[in-house]
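In: Just to be clear, the model below is a prediction. Sequence and coordinates:
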Amino acid sequence: MDDPCRPRSLFRRRRGDVVRSRRGFGPRLERVEERLLLSGNTYYVSSLADTGSGVGPFGDLRHAITQADLNPGSTIDFQVTGTIRLSNALPDLSADVTINGPGAAALTVNGGSSNFGVFKVDDHVTASISGLTVTGGGGDAGGGFYDSGTLNLTNCTISGNSVGRVGGGIVIYNRQHSTSLTLTGCTVSGNSASGNPGNSGGGGIDAVGSLLSAPSS
């Protein structure tokens, strides 16, 4: 006879029932694999230097571009104003990126009138850049910008760039794929291309088989 004072289980276990350990009903800690976010990162230009140095999302422009190239779809913002004087060519923009400058009057990227262009947009890449002055670029073509992908410039000034052949300010060229340039609220002036016989032109902008749009430049 059952003892009425003995506590009874709310559930009776029958022969053949599967009994699970109570451990399975408690909180369980599982190892979570650490993962690096591969897109949508934001990097901050916090220095006017050009050494490629930085820690995490903060550093100079060279550091920010290097990190953004590893993480397609990233954004680069500026926490500084003044002039960034380049010591050598910046890394190509090899992944989709948005670069938000503080304003063309507030931030200048200066190539130092050397033998390299300032920005290069690689094949199949979309780069949207705003609020910068780009000057002092050189090289053979595309002193300010060499566009082999899709380049959208907004409220930028491209001036004082000089190249040996074509596209002193901007060259748009890709032998295998279509390219495009959109200028909105931009100033392109005072650029030059010395050229050579039979292959010269575009002191400001040189476009070969490309789409150029300037709705309000």
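Out: Nice, thanks for sending it over. Numbering: from 1, shown residues only.

In: Excluding chain neighbours, give the residue nearest to Y43 in space.
Out: A64 (4.1 Å; C-beta to C-beta, 6 or more residues apart in numbering). C-beta: built from backbone N, CA, C; applies to glycine.

In: Am I right that Q67 falls within a strand?
Out: No. Counting by DSSP: H, G, I helix; E, B strand; the rest coil, one finds Q67 to be helix, located in no strand.

In: How many residues are close by it?
Out: 18 (other C-beta atoms under 10 Å).

In: Which of the helices or strands spans the residue nearest to it when sequence neighbours are not counted?
Out: Distances taken as C-beta to C-beta, 6+ apart put Y43 closest to Q67, at 5.3 Å, once the chain neighbours are dropped. Applying DSSP states H and E as the criterion places Y43 in strand 42-45.

In: The residue nearest to F119 when sequence neighbours are not counted and F58, how far apart?
Out: Closest residue in space to F119, ignoring its immediate chain neighbours: F145 at 4.9 Å, by C-beta to C-beta, 6+ apart. F145 sits 26 Å away from F58, going by C-beta to C-beta, to the nearest Å.

In: Neighbour count for the two, which is higher?
Out: Legend: neighbour count by other C-beta under 10 Å for F145 and F58, higher for F145 (27 against 15).

In: is the more buried one in a bridge, and if so with what?
Out: Per DSSP bridges, residues listed as beta-bridge partners of F145: F119, I170.

In: Next one: it from N155, what distance?
Out: Distance, F145 to N155, by C-beta to C-beta: 15 Å.

In: Check S47 too.
Out: 23 Å.

In: Would you enumerate the residues in contact with T98?
Out: T98 makes contacts with S74, T75, I76, A127, S128, I129, as judged by C-beta atoms under 8 Å, 6 or more residues apart in numbering.

In: Separate out the buried members of these.
Out: S74, T75, I76, A127, S128, I129 (16 or more other C-beta atoms under 10 Å).

In: Show me the shaky parts of this structure.
Out: 1-39, 175, 195-202, 208-217 (pLDDT under 70).

In: and the residue nearest the centre of it, backbone torsions?
Out: Closest residue to the average C-alpha location of the chain: V97 at 2.9 Å, with C-alpha atoms, centre = their mean. The phi and psi values for V97, taken as degrees, to the nearest 10, are phi -150, psi 150.

In: Who is it paired with across the strands?
Out: Using DSSP bridges, the beta-bridge partners of V97 come out as S74, A127.

In: for stretch 143-159, which positions count as buried?
Out: 143-159.

In: for that stretch, the distance to its chain's centre please.
Out: 13 Å (C-alpha atoms, centre = their mean, to the nearest Å).

In: As CSV, could you dump the C-alpha coordinates of it?
Out: Only the C-alpha atoms of stretch 143-159 are listed here, as CSV (Å, rounded to 0.1, in the frame of the first residue of the first chain):
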residue,chain,number,x,y,z
GLY,A,143,47.0,61.2,-62.1
GLY,A,144,44.1,61.7,-59.7
PHE,A,145,42.0,58.6,-60.5
TYR,A,146,42.6,55.6,-62.7
ASP,A,147,39.2,53.9,-63.1
SER,A,148,38.9,50.4,-64.3
GLY,A,149,35.6,49.7,-62.6
THR,A,150,32.8,51.9,-61.4
LEU,A,151,33.7,55.2,-59.8
ASN,A,152,31.2,57.6,-58.3
LEU,A,153,32.6,61.0,-57.2
THR,A,154,30.6,63.5,-55.2
ASN,A,155,31.7,67.0,-54.1
CYS,A,156,35.3,66.3,-54.9
THR,A,157,38.0,68.6,-56.3
ILE,A,158,40.5,67.0,-58.8
SER,A,159,43.1,69.6,-59.6
